[in-house]
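>>> Provided below for reference: sequence and predicted model.
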Amino acid sequence: MSGWTLRPKAAPSLRVDLRGVTPAALAPLTAAEVERLRVGHGHALVPMAEFFHVETRDDDRLVFAADLSRFDHVGWQMDGGQLVVEGSVGHGAGAALRGGELHVHGNAGAQAACEMAGGVFRIGGNAGDFAASTLPGSMDGMRGGTLVIQGDAGARLGDRMRRGTVVVFGRAGDFTASRMVAGTIAMGAGAGAHCGWGMRRGTVVFAGDAPPVAPTFVPAIADVPVIWQLLARDLARHGGIFAGLHSRRAERRLGDVAAQGKGEIFTAV
């Protein structure tokens, strides 16, 4: 088993679908077999050699030394190993991720980490709409694992999210945590309108500026200092604005009562 570095030849004329290109899938192959591996290019299946120079590595990582903005579904259903992209990626990156580590140094398009079930996905820049959300036709969003976004996230972050942890160091868009069922979403710089719309359960944490909370979220009567400390110390491992949460007090609201929800929104003060 070996790792691979894939270096770009030229930007593709159409979008490329990289489903099936994972560390585990490529590890037992030879360089010639990797070059012959077919990926979707528009309506055709085209060998990888059309887009990348293939080089072996001393470790077992799969590294794309390229900007993959026109390449979709990077890390689709990945279940182990480490995949690194030294640039941005297209839509659906990390969707249905089950295990391993996916690192994107740049931005990610729409539907990043949709229905993610395990592993760790780190995005060095921004993420598009519907991150950690549902795939078209599905009822369940992110189901496990950890998604870390160093920049901002788009609208509908965590829509129908069921489990797992999402940490956004920047700001999220409108309808963050909409229809959320369970899990944790933490944001460092606020969110857009309608945060928690239709929220059933789960936890949202604002470590920095918090948006106005909808009137369908009511102040909690009982204080929960132990739960807050456990949550804050777990988020502290991500560093940055989350590092000092355990030393701050938190205001807690419950809802969305319009949907008979039992979710909670913590605002650090």
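Received the coordinates, thanks. Note that the structure is predicted; figures quoted are calculated from it, not measured.
>>> from here on, contacts and neighbour counts on C-alpha atoms
Fine.
>>> List the buried residues for the lengthiest helix in the chain?
With DSSP state H setting the assignment, residue counts place helix 225-236 as the longest helix in the chain. Taking 16 or more other Cα atoms under 10 Å as the neighbour-count basis, helix 225-236 is seen to contain the buried residues Trp228, Gln229, Leu231, Ala232, Arg233, Leu235, Ala236.
>>> Beyond that helix, next helix or strand please.
Read in the C-terminal direction, the helix or strand following helix 225-236 is strand 250-255, with elements assigned using DSSP states H and E.
>>> Next, the angle helix 225-236 makes with that following strand.
Here strand 250-255 points in a direction 100 degrees away from that of helix 225-236 (axes from the mean of the first three to the mean of the last three Cα atoms, to 10 degrees).
>>> Mind checking the pLDDT average for strand 250-255?
Along strand 250-255, the predicted local confidence has a mean pLDDT of 96.
>>> who does whatever helix or strand comes next after that strand touch, helix- and strand-wise?
Along the chain past strand 250-255, the next helix or strand (assigned with DSSP H and E) turns out to be strand 263-268. Strand 263-268 sits against strand 203-206, strand 250-255, with contacts defined as 3 or more Cα pairs under 8 Å, 6 or more residues apart in numbering; DSSP states H and E.
>>> Highest mean neighbour count out of the ones you listed?
Comparing the helices and strands packed on strand 263-268 by mean neighbour count (mean count of other Cα atoms under 10 Å), strand 203-206 ranks first with a mean of 25.
>>> Please name every helix or strand in contact with that one.
Other helices and strands packing on strand 203-206, by 3+ Cα pairs under 8 Å, 6+ apart, are strand 184-187, strand 263-268.
>>> switch to 10 Å and redo it
strand 163-168, strand 184-187, helix 225-236, strand 250-255, strand 263-268 (3 or more Cα pairs under 10 Å, 6 or more residues apart in numbering; DSSP states H and E).
>>> Kindly reformat the ones you listed as TSV containing distance to Gly124.
Rendered in TSV, the data for the helices and strands packed on strand 203-206 read as follows (distance: least, Cα to Cα, whole Å):
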stretch	distance to Gly124
strand 163-168	11
strand 184-187	15
helix 225-236	18
strand 250-255	28
strand 263-268	24
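>>> These: which one's closest to Ala32?
strand 163-168 (38.4 Å; Cα to Cα).
>>> Which positions within that closest one qualify as buried?
Taking 16+ other Cα under 10 Å as the basis for neighbour counts, the residues of strand 163-168 that come out buried are Arg163, Gly164, Thr165, Val166, Val167, Val168.
>>> Which helix or which strand is home to Gly192?
Of the helices and strands defined by DSSP H and E, none includes Gly192.
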